[in-house]
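Asks: I'd like to go over a predicted model; first the sequence, then the structure.
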Amino acid sequence: MKRIGVAVGVVALGLGVLIPAGAVCAHAPIRLNSLGFLPDAPKLASVTPPGERFSIVRRSDDAPVLTGNLSAPVSNQDTGEQVATADFSSLHQPGEYYVKVAGAARSPAFRIAADIYNEPFRIVMAGMYLWRCGTAVSFTYHGQTFAHDACHLEDAYLDFAGGGHVKRDGTGGWHDAGDFNKYVVNADFSVGVMLQAWEQFSNRIEHVPLSLPESGKGTPDFLCEVRWELGWLLKMQAEDGSVYHKLSAQKFCAFIMPEKETSPRYFVPWSSSASAGFVAVMAMASRDFQPYDPKFASECLQAARKGMAFLAAHPENHPADQRGFSTGPYGARDPSRRLWAAAEMWETTGEPAFLEDFQTRAKALGPRVDRTAGWGNVSNLAMYTYVLSKRPGRDPALVETVQHDLLTTADQIVKTAGQNAYARPLGNAYYWGCNGDVAQQTQTLQVANAISPKPQYLNTALDALGHLFGRNYYGRSFVTGLGNQPPMHPHDRRSVADKIVDPWPGYLVGGGWPRATSWQDAQENYRVNEIAINWNATLVYALAGFVDPKAPQSR
């Protein structure tokens, strides 16, 4: 079996360097963002057990460049520790450094540079590419090639969707998680988050090369990757405008490569939540692809209108009939998705009927911005679109209410991070996939900053990334292939089946729950160590906001 990276005596560091195993223990006393820090951003490390003084040491010659006093220790409720803080925000000089505290092992090495998030963004996007279904993929990283042959070319049959044992084209898209099935309500959330990243940060990410098969043909690489999933979603719409809920085998397969899964796969009957989310992302895609591929943009808008007409004729919440399947149910209810569909249709077309639909629903549901959002509740995505819109005609009172709630929520996130010794913006809330919600906090913070700029909004967004990349109880990165001691045993069928030493790179694992101390780097523990497109999508967004567009781009 694989998963022998530590056993053979090496540990991967964020700088792409291998050091002897044990040089940085699983619970290193100095815990920080092992990717590094932007030159003008705050720079903090959490230290336990506390000491008195710390030094910042230049890696090239082991020369101290800054010394300071550790803060008084504070009690961290979620981990049960006494934790001090080293603040070296006054250090702006680009370079490679480490933190040293008397009596403690030195910290992982880190960089100070304007482009520290460029390569992580590229690798996390490579993770999205490597999830592609229906085609061969290949990506080389740190001297290892991660690849699989074309898979699931027989997708899929209509037996459970009223069409008999007849095959309908459902090829393409991304595998959903550590398994190989494809679920519309998780796909629409993931695509929606990524397209919002594009709409807000295209100036930062449009020229980042992803080395895709479609690269160099006129459409930015980022949109090319999103289009792969959109192409599959278009195939999930039935002739009447409804959208099949998922495409899946009847049960999860063994830990094999995707091309080895040959059991029959089926369309699952339509749901109103899948249909409404489909409308939202197709409306978004229509406006985002218009400058690059007007024909595809028109196809997306036509599909969105068809779906909207179906929803108008079927106003009830209609869950999918999933009898016969033990794979992920993704049983989202549809009110937040109908809200989102109306918002995106209005933003794309400017038609007053869609604006009225959105505003009526927003007032009925409560125009709030929640602390967390995900595939089960996409109302935040609708609110972000509405509050950032430049179109005329919005209800001024509703705009004011949404803005107020957005800023209040952002301020709460800032406060929560400030009260946690690891600046975790979710504080002591731990649940399935909470790492994805740590990344998702950056959406609310970035939108708040766009409306009412405050340094603490961006600094707290950076804190979220810092937590995911090593400023946490474990002192480890939660993203495969990136940062200090990244996960080696994700719940991912490819990472087990391919016999390569390292797991497939660029994937955020779910994180510990029900406690901060519950995470295990164990393949079999899917509750804490699975990967999923929705968690990766929020990480894509979080990184996109800090990509340096001026950095040299290389493939």
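Replies: Received the coordinates, thanks.

Asks: Under the pLDDT cut-off, which ranges of the chain? List them.
Replies: Along the chain, segments meeting pLDDT under 70 span 1-27, 553-555.

Asks: mind redoing it with 50?
Replies: Along the chain, segments meeting pLDDT under 50 span 1-26.

Asks: for it, what spans make up the helices?
Replies: 118-130, 184-205, 221-235, 272-289, 294-313, 335-349, 352-365, 379-388, 396-418, 434-451, 455-468, 493-497, 526-529, 533-544 (DSSP state H).

Asks: okay if I get those as a markdown table plus distance to Asn428 and mean neighbour count?
Replies: Backbone N, C-alpha and C define where each C-beta goes, glycine included. Shown next, in a markdown table, are those (distance: least, Cβ to Cβ, whole Å; neighbours: other Cβ atoms under 10 Å):
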| stretch | distance to Asn428 | mean neighbour count |
| --- | --- | --- |
| helix 118-130 | 26 | 23 |
| helix 184-205 | 25 | 24 |
| helix 221-235 | 34 | 22 |
| helix 272-289 | 30 | 29 |
| helix 294-313 | 39 | 18 |
| helix 335-349 | 26 | 27 |
| helix 352-365 | 28 | 17 |
| helix 379-388 | 22 | 25 |
| helix 396-418 | 9 | 18 |
| helix 434-451 | 10 | 24 |
| helix 455-468 | 13 | 24 |
| helix 493-497 | 30 | 22 |
| helix 526-529 | 16 | 21 |
| helix 533-544 | 20 | 28 |
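
Asks: Nearest to Thr67, out of those?
Replies: helix 455-468 (21.8 Å; Cβ to Cβ).

Asks: Run the chain-centre distance for that closest one.
Replies: Helix 455-468 sits 15 Å away from the centroid of its parent chain (Cα atoms, centre = their mean, to the nearest Å).

Asks: contacting residues around it?
Replies: If you take Cβ atoms under 8 Å, 6 or more residues apart in numbering as the criterion, helix 455-468 is touched by 32-33, 35, 38, 41-42, 44, 117, 410, 413-414, 417, 422-425, 435, 438-439, 441-442, 445-446, 448-449, 471, 477-479, 508, 539, 542-543, 545-546.

Asks: who's in contact with stretch 341-360?
Replies: With contact meaning Cβ under 8 Å, 6+ apart, stretch 341-360 is reached by 276-277, 279-281, 283-284, 286-287, 301, 304, 307-308, 311, 339, 361, 381-383, 385-386, 389, 391, 393-395, 398.

Asks: With just CA atoms, put that stretch into CSV.
Replies: The C-alpha coordinates for stretch 341-360 follow below in CSV (Å, rounded to 0.1, in the frame of the first residue of the first chain):
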residue,chain,number,x,y,z
ALA,A,341,-32.0,31.6,-9.3
ALA,A,342,-34.0,34.8,-9.3
ALA,A,343,-31.0,36.9,-8.3
GLU,A,344,-28.7,35.5,-11.0
MET,A,345,-31.4,35.7,-13.7
TRP,A,346,-31.9,39.4,-12.9
GLU,A,347,-28.2,40.2,-12.7
THR,A,348,-27.7,38.6,-16.1
THR,A,349,-30.8,39.9,-18.0
GLY,A,350,-31.9,43.0,-16.0
GLU,A,351,-35.5,41.9,-16.4
PRO,A,352,-37.8,43.4,-13.7
ALA,A,353,-39.8,40.2,-13.2
PHE,A,354,-36.7,38.4,-11.9
LEU,A,355,-35.8,41.3,-9.6
GLU,A,356,-39.4,41.3,-8.2
ASP,A,357,-39.2,37.6,-7.7
PHE,A,358,-35.9,37.9,-5.8
GLN,A,359,-37.0,40.8,-3.6
THR,A,360,-40.3,39.1,-2.8
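
Asks: Distance from that stretch to the middle of the chain?
Replies: 27 Å.

Asks: and if you look at stretch 232-251?
Replies: Distance, centroid of stretch 232-251 to centroid of chain: 23 Å (Cα atoms, centre = their mean).

Asks: Buried ones in it, by neighbour count?
Replies: Residues 232-238, 241-249 are the ones in stretch 232-251 that count as buried (16 or more other Cβ atoms under 10 Å).

Asks: what's around the closest residue to Ser71 other than its chain neighbours, how many residues?
Replies: Spatial nearest neighbour of Ser71, chain neighbours left out: Thr85 (4.3 Å); criterion: Cβ to Cβ, 6 or more residues apart in numbering. Around Thr85 sit 18 other residues, with neighbours defined as other Cβ atoms under 10 Å.

Asks: if I look at Thr85, how far off is Ser190?
Replies: Going from Thr85 to Ser190 by Cβ to Cβ, to the nearest Å gives 35 Å.

Asks: So Phe121 sits against Leu543, correct?
Replies: Yes - Phe121 lies in contact with Leu543 (Cβ atoms under 8 Å); the separation is 4.2 Å.

Asks: ok, now which ones touch the closest residue in space to Asp78 that isn't next to it in sequence?
Replies: Spatial nearest neighbour of Asp78, chain neighbours left out: Asn428 (3.7 Å); criterion: Cβ to Cβ, 6+ apart. Under the criterion of Cβ under 8 Å, 6+ apart, the neighbours of Asn428 are 77-78, 420, 516.

Asks: if you set the cut-off to 10 Å instead, what comes out?
Replies: Going by Cβ atoms under 10 Å, 6 or more residues apart in numbering, Asn428 touches 76-79, 416, 419-420, 515-516.

Asks: Check Arg31 too.
Replies: By Cβ under 10 Å, 6+ apart, the contact set of Arg31 is 45-48, 83, 99, 107-108, 421-422, 466-467, 470-476, 484.

Asks: Likewise for Phe180?
Replies: Residues in contact with Phe180 (Cβ under 10 Å, 6+ apart) are 131, 133, 151-152, 248-249, 252-253, 256-261, 265, 327, 493-494.

Asks: Return a ChimeraX selection command for the buried portion of the residues you listed.
Replies: A single ChimeraX command selects the buried members of the contacts of Phe180 (16+ other Cβ under 10 Å):
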select :131,133,151,152,248,249,252,253,257,258,261,265,327,493,494
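
Asks: quick one: which of the contacts of Phe180 sit in strands?
Replies: 248-249, 265 (DSSP state E).

Asks: Can you tell me which of those residues is closest to Ile533?
Replies: Distance to Ile533 across the ones in strands among the contacts of Phe180 (Cβ to Cβ) is lowest for Ser248, with 14.6 Å.

Asks: Now the closest one: closest residue in space, sequence neighbours ignored.
Replies: In space, Ser248 comes closest to Asn181 once its chain neighbours are excluded; the distance is 4.0 Å by Cβ to Cβ, 6+ apart.

Asks: picking up where we left off before, ranking by neighbours, what's the top pick from the contacts of Asn428?
Replies: The most crowded member of the contacts of Asn428, judged by other Cβ under 10 Å, is Ala516 (24 neighbours).
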